[in-house]
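In: just a sequence and a predicted model for now, questions to come.
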Amino acid sequence: MNELRAFPTMLRIGFQELVAYRGEVLIWILSTTMPLIMYAVWSTIAQAGPIGRFDEATFAAYFLSTLVVRQLTSCWIVWELNYAIRTGSFSTLLLRPVSPIAYYAAENLGALPFRFLVLVPVVGGAWLFFRDLPFVLSPSRLALFFFTTFLAWLLIFLFQAIFGLLALYTEQSLSFQEAWFGLWAMLSGYLVPLELMPKVAVFARWLPFRAMGSLPTEILLGHLSDADLATSILTQLGWVVVTLILMRVIWARALLRYEAFGG
Amino acid sequence: MWRHLKIIGFLLRTSIAVQAQYRVDFLIQFALSFFWVFWNVAPLLLIYELKPTIAGWSRAEALLVIAAFLILKSLLEGLVMPNLNALVQHIRTGTFDFILLKPADAQVLVSASKVVPTNLVGFSAGIGLATWASVQLDPGPSPAALFLGVVMLMAGATIIYALWIAIICTAFWFVKIDNLSFLFSSIFDAARYPIGIFRGWIRAFLTFVIPLAVMTSYPAMAVLGKLEPGPTVAALSTAVLLLLFSRLLWRWAVGHYASASS
């Protein structure tokens, strides 16, 4: 497998590209203000009394973890693919002996050390400010947190790759991504914890959005019973399998349509 | 002045004609804009299902804020952002030369050369929502309060425009500032909630540093008759001063334009 051999090098390239544009990347990272806004809103609401299992401290923990997960699972392959396909620079990527998707995956993962670096003061500061946040921090929970966060990244990455490849069929592939992000924000617990959604939204548990959103946070808060935990992770794995298959099918078909504009 | 108004009308007509060529894209964006209205309002309605009042704001009062938010966001995304992003492109590629050569004020040309008409959906939704919320208020707002609300909203729009011009002026030095605009719009996301919801330094930040409170909460408070004369005058003079400041900054920044090619 060329991909496996080249992956460490590609990771390093991804990291170096990031360092070259560090100022710009820092601003991108700072732009994740939504969890902070939602924390401000929900903590004010919870001041008068807890809502279900959520009191002020739980909201703080929930949105802090949401911010961390969002940072660690952040992806931009859809814009890169869309751009590469529209301008024809996709040809260069196709000529390489590794799959472009693997290249983009390495580029995205190469950003992780930098993101960790930015998150350390945020999490540390929040920790000092709030003192005891109601996290359940056993080693097994933490391991599950990082495992599900990785799968969440993989799902977000694969869906974005699929939308990016749709650029081979239609120029509107970024509109799909935009709509998809809107659905994700609503149904992933990004704005409203799924637990506090009205009863009709119970189906959201089974959609891919929770697997790409609040699942790691729910694990870290200890809000899931063992049975819940098992079914949730299985659902997440199920979505990973589905998107992997979808990805392969679309890759095989869409590539035949590539016309290499401007080549 | 009259000549510039005619130029603006002509620029906007051309811009719509250009976009009307891409019909499918236009239809998709049109459909999406309904979805975004729902997306913006739904969390607020959901929160008010859990509690009847939040930080002293009832549901109808908070709806006024989100209505102001929708109106300003539509202006921002429909009129302000597309133009000023295009300007950044001009500066980077050097085509800003052609704009400077034209016999009209460059700021007018770059501020009105592009419009995204699908934002009319959000704009009308904001007006509809404001009307619906005002009808629910008891006692209803007086005509004077409504008038002051509209004035405050215009002040909010002015502040947004002035801040944007100021952000864009930095492009004459830093060139690549697309993500600064992204940062601004993600901070603007906070404007959909009444300022009373925010506490401590966040509230101070959103009132004095990036005056989101002035943009969306003050118009709502004006309609509710809760806006004191002091803040009213302060907000209006901030708007005027920022506009003047951005104009001066613009003229100074254009003086530093060094062109890209040749």
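Out: Structure's in. What do you need?
In: dump the C-alpha coordinates for the helix or strand harbouring residue A:216 into PDB.
Out: Here residue A:216, judged by DSSP states H and E, is contained in helix A:215-220. Taking C-alpha atoms only, helix A:215-220 is exported to PDB below (Å, rounded to 0.1, in the frame of the first residue of the first chain):
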ATOM      1  CA  LEU A 215     -21.600  11.600  21.200                       C
ATOM      2  CA  PRO A 216     -18.000  12.000  22.600                       C
ATOM      3  CA  THR A 217     -19.300  14.800  24.900                       C
ATOM      4  CA  GLU A 218     -22.200  12.600  26.200                       C
ATOM      5  CA  ILE A 219     -19.600   9.900  26.900                       C
ATOM      6  CA  LEU A 220     -17.400  12.300  28.900                       C
END
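In: buried residues in the next helix or strand after that helix?
Out: Later in the chain than helix A:215-220, the nearest helix or strand by DSSP H and E is helix A:226-254. Using 16 or more other Cβ atoms under 10 Å in any protein chain shown as the burial criterion, the residues of helix A:226-254 that qualify are A:229, A:232-233, A:235-236, A:239-240, A:243, A:247, A:250, A:254. Yep, even glycine has a C-beta here, placed from its N, CA and C like the rest.
In: which parts of the stretch 1-150 of chain A are helices?
Out: A:2-20, A:22-30, A:34-47, A:56-72, A:77-87, A:90-95, A:100-109, A:112-130, A:139-165 (DSSP state H, counting those that start in this stretch).
In: so what's residue B:71 up against?
Out: Counting by Cβ atoms under 8 Å, 6 or more residues apart in numbering or on different chains, residue B:71 makes contact with B:122-123, B:126-127, B:130, B:153.
In: next one: it from residue A:28, what distance?
Out: Distance of residue B:71 to residue A:28, given as Cβ to Cβ, to the nearest Å: 28 Å.
In: again, but for residue B:171
Out: Relative to residue A:28, residue B:171 is positioned 17 Å away (Cβ to Cβ).
In: same question, residue A:71
Out: 10 Å.
In: repeat for residue B:8
Out: 34 Å.
In: show me where the stretch 101-250 of chain B has its helices.
Out: Counting by DSSP H, counting those that start in this stretch, the helices of the stretch 101-250 of chain B are B:106-111, B:120-136, B:143-169, B:171-174, B:178-188, B:200-204, B:212, B:218-224, B:229-255.
In: redo the ones you listed as a markdown table? Include mean neighbour count.
Out: Listed next are the helices of the stretch 101-250 of chain B as a markdown table, based on neighbours: other Cβ atoms under 10 Å in any protein chain shown:
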| stretch | mean neighbour count |
| --- | --- |
| helix B:106-111 | 19 |
| helix B:120-136 | 18 |
| helix B:143-169 | 19 |
| helix B:171-174 | 17 |
| helix B:178-188 | 17 |
| helix B:200-204 | 12 |
| helix B:212 | 26 |
| helix B:218-224 | 27 |
| helix B:229-255 | 15 |
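In: out of the ones you listed, which gets nearest to chain A?
Out: Set against chain A and scored by Cβ to the nearest Cβ, the helices of the stretch 101-250 of chain B come closest in helix B:178-188, at 4.3 Å.
In: about what we covered before: other residues contacting the helix holding residue A:216?
Out: Residues contacting helix A:215-220 (Cβ under 8 Å, 6+ apart): A:61-62, A:65-66, A:69, A:135-137, A:141-142, A:144-146, A:148-149, A:152, A:189, A:224, A:229, A:232-233, A:236.
In: weed out the non-buried ones from the residues you listed.
Out: Neighbour counting by 16+ other Cβ under 10 Å classes A:61-62, A:65-66, A:69, A:135, A:141, A:144-145, A:148-149, A:152, A:189, A:224, A:229, A:232-233, A:236 among those as buried.
In: and residue A:85, what's its pLDDT?
Out: Among the per-residue scores, residue A:85 holds a pLDDT of 85.
In: ok, now which ones touch the closest residue to it other than its chain neighbours?
Out: Nearest residue to residue A:85 in three dimensions, chain neighbours excluded: residue A:167, at 4.4 Å (Cβ to Cβ, 6 or more residues apart in numbering or on different chains). By Cβ under 8 Å, 6+ apart, residue A:167 lies in contact with A:81-82, A:85-86, A:173.
In: just the buried ones from these?
Out: A:81-82, A:85, A:173.
In: between the residues you listed, which is nearest chain B?
Out: Nearest member of these to chain B, counting by Cβ to the nearest Cβ, is residue A:173, at 10.7 Å.
In: quick one: that closest one and residue A:82 touch, right?
Out: Yes - counting by Cβ atoms under 8 Å, residue A:173 does reach residue A:82; the two are 5.7 Å apart.
In: so for those two, which residues contact both of them?
Out: Residues within reach of residue A:173 and of residue A:82 at once, by Cβ under 8 Å, 6+ apart, are A:164, A:167.
In: and residue 138, how many residues sit next to it?
Out: Since you didn't name a chain, this refers to chain A. By the criterion of other Cβ atoms under 10 Å in any protein chain shown, residue A:138 has 10 neighbours.
In: think we crossed wires, I meant chain B
Out: Residue B:138 has 6 nearby residues by other Cβ under 10 Å.
In: give me phi/psi at it?
Out: Main-chain dihedrals, residue B:138, degrees, to the nearest 10: phi -140, psi 110.
In: try the one 3 residues further on
Out: When read as degrees, to the nearest 10, the backbone of residue B:141 gives phi -70, psi 150.
In: for residue A:252, what are its contacts?
Out: Not one residue lies near residue A:252 by Cβ under 8 Å, 6+ apart.
In: ditto for residue A:17
Out: A:107, A:110.
In: go again with 7 Å.
Out: residue A:107 (Cβ atoms under 7 Å, 6 or more residues apart in numbering or on different chains).
In: how close does it get to residue A:24?
Out: 11 Å.
In: what of residue B:185?
Out: Relative to residue A:24, residue B:185 is positioned 16 Å away (Cβ to Cβ).
In: do residue A:147 as well
Out: To residue A:24, residue A:147 is 31 Å away according to Cβ to Cβ.
In: again with residue B:33
Out: According to Cβ to Cβ, residue B:33 and residue A:24 sit 29 Å apart.
In: torsion angles phi and psi at the residue nearest to the spatial centre of chain A?
Out: For chain A, the residue nearest the mean C-alpha position is residue A:73 (3.1 Å; Cα atoms, centre = their mean). For residue A:73, the backbone dihedrals are phi -100, psi 10 (criterion: degrees, to the nearest 10).
In: how about the one 3 residues further on?
Out: Phi and psi for residue A:76, reported as degrees, to the nearest 10, are phi -140, psi 20.
In: count of neighbours near the closest residue to it other than its chain neighbours?
Out: Computed as Cβ to Cβ, 6+ apart, the closest residue to residue A:76 that is not its neighbour in sequence is residue A:108, at 7.2 Å. For residue A:108, the number of neighbouring residues by other Cβ under 10 Å comes to 22.
In: can you tell me how far residue A:108 is from residue A:11?
Out: 10 Å.
In: can you tell me, leaving aside adjacent residues, what's nearest to residue B:47?
Out: Nearest non-adjacent residue to residue B:47, counting by Cβ to Cβ, 6+ apart: residue A:45, 6.3 Å away.
In: for chain A, what helix or strand is lowest in average pLDDT?
Out: Lowest on mean pLDDT, DSSP states H and E among the helices and strands of chain A sits helix A:22-30, with a mean of 77.
In: hmm, that one in reach of chain B?
Out: Yes - counting by Cβ under 7 Å from any Cβ of the partner chain, chain B is contacted by helix A:22-30 at A:24, A:27-28, A:30.
In: contact residues of the stretch 51-200 of chain A facing chain B?
Out: So far as Cβ under 7 Å from any Cβ goes, the stretch 51-200 of chain A lies against chain B at A:51, A:171-172, A:175, A:178-179, A:182, A:186, A:191-192, A:196, A:198.
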